[in-house]
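Chemist: I'll drop the sequence and a predicted model, then ask my questions.
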Amino acid sequence: MTAFDRLSPALQYQIVNTLGFSSLRPVQDLTIDAVLAGKNCVVLAPTAGGKTEAAFFPILSQIHAESWSPVSVLYLSPIKALLNNQQTRVTRYAGLLSRRAFTWHGDIGPTHRKRFINDPTDILLTTPESLEAMMMSTRVPARALFEGLQAVIIDEVHAFADDDRGAHLSAVLERLTRFCKKDIQRIGLSATVGNPPEILTWMQGSSKRQGAVISPPKPKIEPQISIDFVANPANAALVIKRLHPGRKRLVFVDSRRGVEELGKLLIQSDVLTYVTHGSLSAAQRRDTERAFEEGSDCVIAATSALELGIDVGDLDHVLQLDSPPGVASFLQRMGRTGRRDGTVPNCTFLTTKDMLALQAAAIVRLSRQGYVEPVRTRRSAFQILAHQIMALGIQRSGIARDEWWAWLDGASAFSGVTAEDREAIVAYMLEEGILADQGGKLWLGPKGEKLYGKRNFAELYAVFSVPRLITVRWNATEIGTVDAQFLSGLDGQSGAGSFTLGGRPWQIQHVDWRKGVCIVEPAQHAKNTRWSGAPQYLSYEICQAMRQILIVDDVDDVWSKRMQDVITMMRAEHAFLREAASPMVVSAGEITWWTWAGGRANLILAQMIEKDLGGKVVVRNESITCKDAAGASIAALQLWRSEASRAGRPTEPEVLALADGAVRYQVSKFQPCLPEELASRLLVGSLDPEGVRRVLGERGKKASD
């Protein structure tokens, strides 16, 4: 019996006669067997590789054959745009068997939500945050709504697993199983990742079902890649205008500010351009994506949001301004192309700075070697545990001190949290007034209300921190949002109160700070907009690949002539790297140590040196610069390095003690809920002590070793 034969006869008929499928793809064959066998699965396939059908066909077959009652299936996505994008497809597939689907997120109005509550659909598409809001709301009968739940499909599961949202999802899934009182089947859909078995283990949590990684053989297709050096965004805009005229082009830029700047330059060059990022209004993003999907000769400039499987139609070319943060992002972005017969995946890098050009070259080289970053799953998410205690208190109208852990026990994100850690968190939150004990039940205390209770607990519904945002409006149209801090520097400045949003310039007319609204009108020129955010550091592996390119003499066939000239110049400037694996160079009374360890390792190294030798150490991904006492003597610094290496530093207690100084920004808005030691352990997760040990152990090694 084939996988297709195992589907219900009604679904088989619809797949062949309505959808027009002549056969199933390998990923669909393999997934159907695993899902129908009741296994938890992680399904790996590129964008448009058939993952959605692989998950939904066997699930729909069971809904039909076993008469599952609504709500029987949850589809979870990391972003609303992907939900909106998948809604049409999932609704169509459900309709093949006279079943229904509904999408619930922050942009769905109360009338539609009420209609769903009164008449639930078989499939609910939502985000983990919206799901938790439903579980916490007194207006939603969550227990009755989800008591028939059988399966959860998690799209882009790799995008969840390595951050706070993944830890949050892990906890919410466990709470959901308590509602359902059954072992819900869990199916994760993902692009290429370096450690799929670990993703599967993380996703399974307390589930006792068998697990399977579905990774069918991938056809060997040589992608078309080129790396060019264009010096600045203005030149990049000119190249984009001249490159592939008449084609649909998607340009990735790794910041909202960069997207806005490039969008403005392209529009000024009379290129039909659309801009999309998370600070634009939902209506603006939908209009942009729809227009781009239906267009043919146009450009869309986007942040990583369009990396996550959103269908933008038949895409001809992907371009990258400068470099993505890693190999996985590069492969995901390039995978948006090559989906039509006779086409191949392609990506053109347009780099504007030497180090970013080198970074792009390193990422391409690593991908050819088969390297993909492993996803670092969270096992001791203390901050999310604190968040969940408060959320459970609201959900249960006060949660008993001996009851709350039963709702979360088994969540992978808390598998490294001990009973002592849990007690310490509760005790600290009570001491600080974040929690209150009301007759043996935990509830928000006065400080908890102040920090997280505003706007009907809106601060609890999103696990990630965001700056205060001001809504931008032109007449009755909402354009998007900008940082309040950025806007405060513009408001009231004569002739300077302007900024770009959606790639277009706007002049400030009035800011209502109390209501959080900025009224604008179109302008001729404007400043580039800035958004705040935590620094992003490169990994040890990428930095080492960058160093390797500088110490060899080969020329990559994907480099343009301008790119070759830049690499040749950089190799000449960094000729000293050929003498040692991580040399120290003296210049102008300072010592630059070329560690090539990545920023997360260099942050710890800098703290160690400042503590032991004094002075100040400046951190970059590729190097650290020691100033004042720290940079007074290269002999002293080399001696310090040798002694630190022999001592096996940094030790775990040392990293814990240095974490506060190394990470000088708030990694979670729930940090105030943690006692000092656990807050420091949280910060250690943002660092790379092993990278430091590797650098310290390189004393005396040749560059080629």
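Modeler: Received it, and whenever you're ready, just let me know what you need.

Chemist: contact partners of stretch 538-555?
Modeler: With contacts defined as CB atoms under 8 Å, 6 or more residues apart in numbering, stretch 538-555 is touched by 325-327, 355, 358-359, 361-363, 365-366, 371, 373, 564, 567, 570-571, 574, 577-578, 594, 596-601, 621-622, 688, 690-691, 694, 703-704. Any C-beta I mention is one placed from the backbone N, CA and C, and that applies to glycine too.

Chemist: go on, stretch 120-128?
Modeler: 63, 68, 70-80, 83, 86-87, 90, 94, 99-105, 116, 134, 145, 160, 165, 168-169, 172.

Chemist: if we can go back for a sec, any of the contacts of stretch 538-555 buried? List them.
Modeler: Taking 16 or more other CB atoms under 10 Å as the criterion, what is buried in these is 325-327, 355, 358-359, 361-363, 365-366, 371, 373, 567, 570-571, 574, 577, 594, 596-601, 621-622, 688, 691, 694, 703.

Chemist: next, count neighbours for Pro653.
Modeler: Neighbourhood size, Pro653 [other CB atoms under 10 Å]: 8.

Chemist: could you number the chain from 794 rather than 1 from now on?
Modeler: Okay, residue one is now 794; in that scheme the one you just asked about reads as Pro1446.

Chemist: roughly how far apart are Arg1340 and Thr1388?
Modeler: 9 Å (CB to CB, to the nearest Å).

Chemist: looking at those two, which is more packed in?
Modeler: Thr1388 (29 against 21).

Chemist: tell me the first helix or strand C-terminal of the lowest-mean-pLDDT helix or strand in the chain.
Modeler: Within the chain, no helix or strand scores below helix 1247-1254, which has a mean of 61 by mean pLDDT, DSSP states H and E. Reading on from helix 1247-1254 to the C-terminus, the next helix or strand found by DSSP states H and E is strand 1262-1267.

Chemist: adjacent strands (with direction) for that following strand?
Modeler: Strand 1262-1267 sits in its sheet next to strand 1270-1276 (antiparallel), strand 1310-1315 (parallel), going by DSSP bridges.

Chemist: quick one: name whatever helix or strand follows the last one.
Modeler: When you say that, I think you mean strand 1310-1315. helix 1333-1343.

Chemist: so for that following helix, mean pLDDT?
Modeler: Helix 1333-1343 shows a mean pLDDT of 97.

Chemist: now do stretch 1099-1106
Modeler: pLDDT averaged over stretch 1099-1106 gives 64.

Chemist: list the contacts for the nearest residue to Gln1464 once chain neighbours are set aside?
Modeler: Nearest non-adjacent residue to Gln1464, counting by CB to CB, 6 or more residues apart in numbering: Ala1472, 5.6 Å away. Counting by CB under 8 Å, 6+ apart, Ala1472 touches Phe1175, Asp1453, Gln1464.

Chemist: following the helix or strand hosting the second one, which helix or strand comes up?
Modeler: Yep, that's Asp1453 we're talking about. In this assignment (DSSP H and E), Asp1453 forms part of helix 1445-1455. Toward the C-terminus, helix 1445-1455 is succeeded by helix 1469-1477 as the next helix or strand (DSSP H and E).

Chemist: residues of that following helix that come out buried?
Modeler: Leu1471, Ala1472, Ser1473, Arg1474, Leu1475, Leu1476, Val1477.

Chemist: what distance do you get for the last one to Val1460?
Modeler: If I follow you right, that is Val1477. For Val1477, the distance to Val1460 - CB to CB - is 10 Å.

Chemist: give me the neighbour count for Ser1380.
Modeler: 9.

Chemist: what of Leu918?
Modeler: Leu918, neighbours per other CB under 10 Å, totals 26.

Chemist: what do you get for the one 4 residues further on?
Modeler: Residues lying near Glu922 (other CB under 10 Å) number 21.

Chemist: same thing with Val836?
Modeler: 28.

Chemist: that one: which element?
Modeler: Here Val836 sits within strand 833-837, counting by DSSP H and E.

Chemist: and that strand, what does it pack onto?
Modeler: When contacts are defined as 3 or more CB pairs under 8 Å, 6 or more residues apart in numbering; DSSP states H and E, strand 833-837 sits against helix 819-829, helix 844-859, strand 978-983, helix 989-997, strand 1004-1007.

Chemist: separation between the residue most central in space within the chain and Pro863?
Modeler: The structure's the chain has its C-alpha centroid closest to Ala952; by CA atoms, centre = their mean the separation is 5.0 Å. For Ala952, the distance to Pro863 (CB to CB) stands at 28 Å.

Chemist: can you check Ala848 too?
Modeler: 18 Å.

Chemist: ok, now Asn1321?
Modeler: For Asn1321 relative to Pro863 (CB to CB), the value is 48 Å.

Chemist: what about these two, which has more around it?
Modeler: Ranked by neighbour count (other CB under 10 Å), Asn1321 and Pro863 place Pro863 first, with 19 against 12.

Chemist: quick one: the more buried one and Gly941 touch, right?
Modeler: Yes. With contact defined as CB atoms under 8 Å, Pro863 counts as touching Gly941 (6.7 Å).

Chemist: any shared contact partners between the two?
Modeler: Common neighbours of Pro863 and Gly941 (CB under 8 Å, 6+ apart) do not exist.

Chemist: okay, now the sheet partners of the strand holding Val836, with direction.
Modeler: With DSSP bridges as the test, strand 833-837 pairs up with strand 978-983 (parallel), strand 1004-1007 (parallel).

Chemist: picking that back up, in helices, which of the buried ones among the contacts of stretch 1331-1348 fall?
Modeler: Using DSSP state H, the subset of the buried ones among the contacts of stretch 1331-1348 located in helices is 1120, 1148, 1151-1152, 1154-1156, 1158-1159, 1360, 1363-1364, 1392-1394, 1484, 1487.

Chemist: where do the domain boundaries of the protein fall?
Modeler: Recorded structural domains for the chain (assignment: automatic domain parsing) are 796-1007, 1017-1161, 1175-1254, 1262-1315, 1372-1489.

Chemist: which of those sits closest to Gln1329?
Modeler: The closest of the domains of the chain to Gln1329 is domain 1017-1161. By CB to CB, the value is 6.1 Å.

Chemist: check which helix or strand the closest residue to Trp1198 other than its chain neighbours maps to.
Modeler: Sequence neighbours aside, Arg1215 is the residue nearest to Trp1198 in space, at 6.3 Å (criterion: CB to CB, 6+ apart). Per DSSP H and E: Arg1215 is located in helix 1212-1225.

Chemist: buried residues, that helix. List them.
Modeler: In helix 1212-1225, counting by 16+ other CB under 10 Å, buried: Asp1214, Arg1215, Ala1217, Ile1218, Val1219, Tyr1221, Met1222, Glu1225.
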